[in-house]
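1. Here is a sequence with its predicted model. Questions after.
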Amino acid sequence: MQEKPSAGTMADIIGGTKPTVQSEFIQFDKFTALVIDDMGAMRHALSSQLEWMGITSVKGVSNAEEALRQLEIRQFDLILCDYNLNRASSGQHFLEFLRNENMLSAKTIFVMVTAEAEYAYVANAAEFAPDDYILKPCPEKKLRARLERLFDRRNFLMPALTAMDAKDYARVVSECDKLLALDSIDRWQMAALRLKAEAQHALNDVENMLATYQQALAKNDNVPWVKIGFARAQRMSGDLEAAEQSAREIIASHPSYVAAYELLADIRLELGDEEGAHEMATRAAEILPTAKRFRTTAESAFLLGKLDEAKQFSESAIKLSNGSITEKPDDFLALAQIQTDLGDPLGAIHTLEKSARKYAEKDEFGISKNAILAQAYFDSGDEDKAKKLLERSQRLITPDNNTSAAMNRLGKAALKLGDEILGLKLMTQAVQASGKERHRIARHVSKSMHDTGRHDKVHDVIDAGQRRILVLVDEAHKLMRDARFEDAFSKVNEALAIHDENIEALLAAAQLHLLWLKKDGMDEEIDARAKQYLATLDKLVPQNEKVMAFYRFYNQLSGA
Amino acid sequence: MKQALSTLVIHDIKNSLALLEADLEQLNHHPNMPEEARKAYQRCSELKGRLVSFLTLYKHEQFGLKPNLAEVDLNEFLQDTLDVSPSASGKHGHEFALEVDESRIRIAPGLKHGGTAQLDEYLTGMAIESALNNAVRYAAGNVRVWFEQDAETVTFFVQDDGPGLHHPSGNAPSTGVGLALCKVVVEAHGGGDVSLSDAQDGGALFRLALQTA
């Protein structure tokens, strides 16, 4: 082979132009691998190929459920996953599930194995792309060449990936900066930028996250993940208009890129355009149907009062997830509530008593199930049974399972059966326990109250949550004065659980932690929380006098 | 035979061939395996390759091909294509060189991502493999592969040192399926050109230009 004129750069040495030389640096015998393929012969062939390369620990499984059980026990260096996984979940669904549930180590290399180019459509639509695609059957030489390259890249990124797994995001950023200062090939640089931006996202460091994506855009402005990352950062910075513009540009150039539709849906919702948000979520579900996406569209249709549509989406979610890893008992509750509201109480009763029979009647599910059944039996004319179900539902409540969703359903049942006091109390509880979900829960509560003719009380119920925050903040202040910091902390936490971005509660929390640090010295955990509260406040109310004063106080304390 | 049935049968054959190929690959990893086993593996790979090419043509006629574009490092891609090419195993045991000629690679100056391009790796690999297959058949001692890139196009070249097109024993202008396949690949990339000609310095020159912008 003739010398390449530019030979000698790091890219040429480790960049993958001479696979035979490289392989000496990759020690395959240290790796563990998981092969997922429903066809025994293919699984065997892939496993053998990996073994020929020297990988001694190869586990073969035939479906996503078995793979999941393996992943619950340990992480693998390499996953080879067949695209056509027999069951409801394709390899792409499985990968999305793993990423959503944070079940993959940042170090794991995920390779999708497909029969032919049939995956192309899905591959282009998905945000969570695997590290590589391989067309089967893939000769060993080719598989080895691909894997060597992937492991090379992993080695390059290793310090940052290790920090990522440890959730030490500040270190991810500093390690990525070190890598970016090296002279390496473009795609590795892009991978380092991606990791860096993800870490900045986790740190809520919006300004630097925007800068990182801009750097990536300057390198290559036609990669969907860069564009969507930039659009998300714009949204986080509060510039909804620019974020929407960016998302629409992605759709113009990559019309089947689902994540762009989902981002648009979030933006529309934030702008108060529920109809527009629903439309975008529906497009996403059409392009890449998953149970999760159908759940989203079923909910948005339900909240918009489009019950027939909601029913269809809800049934699709159940059908798609049935018997697979994405199955959720909640889907049956959602469907039964829709059926009840559609005036089909018998359908709802069938859904809960027959289809959802396999789920244990306890906790949140039990509360909701009995609450919806109470509504359905009431509508079908059996008021006695309805009352008994309402009581049974209440008996299942414990301090650990009284979630907003369950309280809303139970509240709706109480209102329907005419127990206004209980109903309003439960609705208020639903709002107060909603935390980060407060917008969503407020929409549900408001709908339940409209449906049962209590629209005049909606504001009272939603406002009661805010009043409760003020009472809690007041109590926290009293406890602070007595230096009862732990007790004060539990009060502000309770307030933040109602609304995690309530300014009064956040100010109280910040003040409490500064006093705490002053009294007890620079405790690491308290210090971290103090910084977190200050950062959140700084984002919500920039240049606020009180917050600036807190910052000065903090700098004095920490000696900065 | 009904069309649906023949589709079913042909896919079944393809899948069986793939399994047979995997079995033969296994066999090749046994110690002391006879030369026949290697040949059988090579033949099987070639046969499967031809069937897949044919299926690709068929699919294109029936439904049109949607390219799966991804960023490809062109040098790595050519190297990979040669590494895994069944044609690389040579003909009738005689030694010859099949390599990427890096001295001929040309990238227009000022390209933002010189050396990489948005291509369907799978389809492009198939087209180049069909050219390799042809070149190896007529080559005396070596086959060279390289690419040129400008703002709108990537052009791949395959040159052999055989007698060339205008010699009685020279290259037939590709096999029917091979050329048709290349045309389909060009079309899937939204434009370009494919040709086979006599090279100035002897032998036959295959040229596949793909539009990338």
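-> Looks like it arrived, so ask away.
2. only C-alpha atoms for contact and neighbour calcs from this point on.
-> Fine.
3. sec struct for whichever residue of chain B sits closest to chain A, please.
-> Relative to chain A, the nearest point of chain B is residue B:68 (5.2 Å; C-alpha to the nearest C-alpha). Put simply, residue B:68 is coil when judged by DSSP: H, G, I helix; E, B strand; the rest coil.
4. Might one say that it is in contact with residue B:185?
-> No: counting by C-alpha atoms under 8 Å, residue B:68 stays clear of residue B:185, with 11.4 Å between them.
5. Look at the two and report which has more neighbours.
-> Ranked by neighbour count (other C-alpha atoms under 10 Å in any protein chain shown), residue B:68 and residue B:185 place residue B:185 first, with 30 against 21.
6. Residue A:525 - how many residues pack around it?
-> If you count neighbours by other C-alpha under 10 Å, residue A:525 ends up with 8.
7. And for residue B:142?
-> Residue B:142: 17 surrounding residues under other C-alpha under 10 Å.
8. Spit out the contact partners of it.
-> By C-alpha atoms under 8 Å, 6 or more residues apart in numbering or on different chains, the residues touching residue B:142 are B:96, B:97, B:98, B:136, B:160, B:161.
9. and if we set it to 10 Å?
-> Contact analysis of residue B:142 by C-alpha atoms under 10 Å, 6 or more residues apart in numbering or on different chains lists B:95, B:96, B:97, B:98, B:99, B:135, B:136, B:159, B:160, B:161, B:162.
10. Next: residue A:503.
-> Applying C-alpha under 10 Å, 6+ apart, we find residue A:503 in contact with A:496, A:509, A:536, A:537, A:540, A:541.
11. got any ranges where chain B has weak pLDDT?
-> Within chain B, the stretches with pLDDT under 70 are B:1-2, B:89-95, B:167-176.
12. residue ranges for the strands of it, please.
-> Here chain B has its strands, by DSSP state E, at B:70-73, B:97-100, B:106-107, B:116-119, B:142-149, B:153-160, B:192-198, B:204-211.
13. now chain A
-> Along chain A, the stretches classed as strands by DSSP E are A:32-36, A:57-61, A:78-82, A:109-114, A:132-135.
14. Put together CSV for those strands, with mean neighbour count on each row.
-> Listed next are the strands of chain A as CSV, based on neighbours: other C-alpha atoms under 10 Å in any protein chain shown:
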stretch, mean neighbour count
strand A:32-36, 23
strand A:57-61, 18
strand A:78-82, 25
strand A:109-114, 23
strand A:132-135, 18
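15. Out of these, which is closest to residue A:313?
-> strand A:78-82 (27.7 Å; C-alpha to C-alpha).
16. between that closest one and strand A:57-61, how many degrees?
-> Strand A:78-82 runs at 30 degrees relative to strand A:57-61, counting by axes from the mean of the first three to the mean of the last three C-alpha atoms, to 10 degrees.
17. so, in contact with chain B or not, strand A:78-82?
-> No: judged by C-alpha under 10 Å from any C-alpha of the partner chain, strand A:78-82 stays clear of chain B, getting no closer than 14.6 Å.
18. For that strand, name the packing helices and strands.
-> Strand A:78-82 sits against strand A:32-36, helix A:40-52, strand A:57-61, helix A:64-73, helix A:91-100, strand A:109-114, strand A:132-135, helix A:140-165, with contacts defined as 3 or more C-alpha pairs under 10 Å, 6 or more residues apart in numbering or on different chains; DSSP states H and E.
19. Lowest average pLDDT across those?
-> The stretch with the lowest mean pLDDT among those is strand A:132-135, at a mean of 82.
20. so what strands line up beside it?
-> Note on strand A:132-135: by DSSP bridges, its sheet partners are strand A:109-114 (parallel).
21. Distance from the chain centre to the partner strand, please.
-> Distance of strand A:109-114 from the chain centroid (C-alpha atoms, centre = their mean, to the nearest Å) equals 22 Å.
22. what's that strand in contact with?
-> Under the criterion C-alpha under 10 Å, 6+ apart, residues A:33-37, A:46, A:76-84, A:91-92, A:95, A:104, A:119-120, A:123, A:129-138, A:146-147, A:150-151, A:154 lie in contact with strand A:109-114.
23. which neighbours do residue B:68 and residue B:185 share?
-> Looking at what touches both residue B:68 and residue B:185 (by C-alpha under 10 Å, 6+ apart), the common residues are B:120, B:122, B:123.
24. Of those, which belong to helices?
-> B:122, B:123 (DSSP state H).
25. near chain A, from the shared contacts of residue B:68 and residue B:185?
-> Among these, the ones lying near chain A by C-alpha under 10 Å from any C-alpha are B:120, B:122, B:123.
26. Next up, the contacts around residue A:137.
-> A:42, A:45-46, A:113-116, A:143, B:15, B:17-19, B:21-22, B:45.
27. And those residues, which is closest to residue B:72?
-> Looking across those and measuring by C-alpha to C-alpha, the closest to residue B:72 is residue A:143, at 16.5 Å.
28. what about that closest one, how many neighbours?
-> Residues lying near residue A:143 (other C-alpha under 10 Å) number 20.
29. so who does it touch?
-> A:46, A:49, A:50, A:53, A:134, A:135, A:136, A:137, B:80, B:84.
30. my guess is the second one meets residue B:23, correct?
-> No: taking contacts as C-alpha atoms under 10 Å, residue A:49 lies outside contact range of residue B:23: 11.3 Å.
31. of the two, who's got more company?
-> Neighbour totals were compared for residue A:49 and residue B:23, and residue A:49 leads with 22 against 16 (other C-alpha under 10 Å).
32. how much space between the more buried one and residue A:43?
-> From residue A:49 across to residue A:43, the span is 10 Å (C-alpha to C-alpha, to the nearest Å).
33. what does residue B:14 give?
-> 18 Å.
34. Of the two, which one has the most company?
-> Per other C-alpha under 10 Å, whichever of residue B:14 and residue A:43 has more neighbours is residue A:43, with 21 against 18.
35. Next, the contact list for the closest residue to the more buried one other than its chain neighbours, please.
-> Closest residue to residue A:43 apart from its sequence neighbours, by C-alpha to C-alpha, 6 or more residues apart in numbering or on different chains: residue A:37 at 5.4 Å. Neighbouring residues of residue A:37 by C-alpha under 10 Å, 6+ apart: A:43-44, A:46, A:60-64, A:67, A:80-86, A:91, A:113.
36. gap between residue A:360 and residue A:455?
-> From residue A:360 to residue A:455 the distance is 34 Å (C-alpha to C-alpha).
37. Nearest to chain B within the stretch 451-560 of chain A, name that residue for me.
-> Per C-alpha to the nearest C-alpha, residue A:539 is where the stretch 451-560 of chain A lies closest to chain B, at 36.8 Å.
38. Check what pLDDT that residue gets.
-> Per-residue pLDDT puts residue A:539 at 83.
39. pLDDT wise, what is residue A:508 at?
-> Note for residue A:508: predicted pLDDT of 93.
40. show me the contacts for it.
-> A:472-474, A:476-477, A:480, A:488-489, A:491-492, A:495, A:514, A:533.
41. The same query, at a cut-off of 7 Å, please.
-> Going by C-alpha atoms under 7 Å, 6 or more residues apart in numbering or on different chains, residue A:508 touches residue A:473.
42. what residue ranges in chain A score low on pLDDT?
-> Within chain A, the stretches with pLDDT under 70 are A:1-25, A:86-89, A:116-125, A:560.
43. ok, now with 50
-> A:1-24 (pLDDT under 50).
44. Break it into its domains for me.
-> Following automatic domain parsing, one gets these domains for chain A: A:14-155, A:467-558.
45. hang on, the earlier thing: tabulate the contacts of residue A:503 (TSV), appending neighbour count.
-> Listed next are the contacts of residue A:503 as TSV, based on neighbours: other C-alpha under 10 Å:
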residue	neighbour count
A:496	25
A:509	26
A:536	18
A:537	23
A:540	14
A:541	12
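46. And the residue most central in space within chain B, how close does it get to residue A:475?
-> Geometric centre of chain B, nearest residue: residue B:129, 1.4 Å, by C-alpha atoms, centre = their mean. Using C-alpha to C-alpha, residue B:129 is found at 77 Å from residue A:475.
47. residues in chain B within reach of chain A, list them.
-> Selection of chain B residues close to chain A by C-alpha under 7 Å from any C-alpha of the partner chain yields B:18, B:22, B:68, B:76, B:80, B:84, B:102, B:103.
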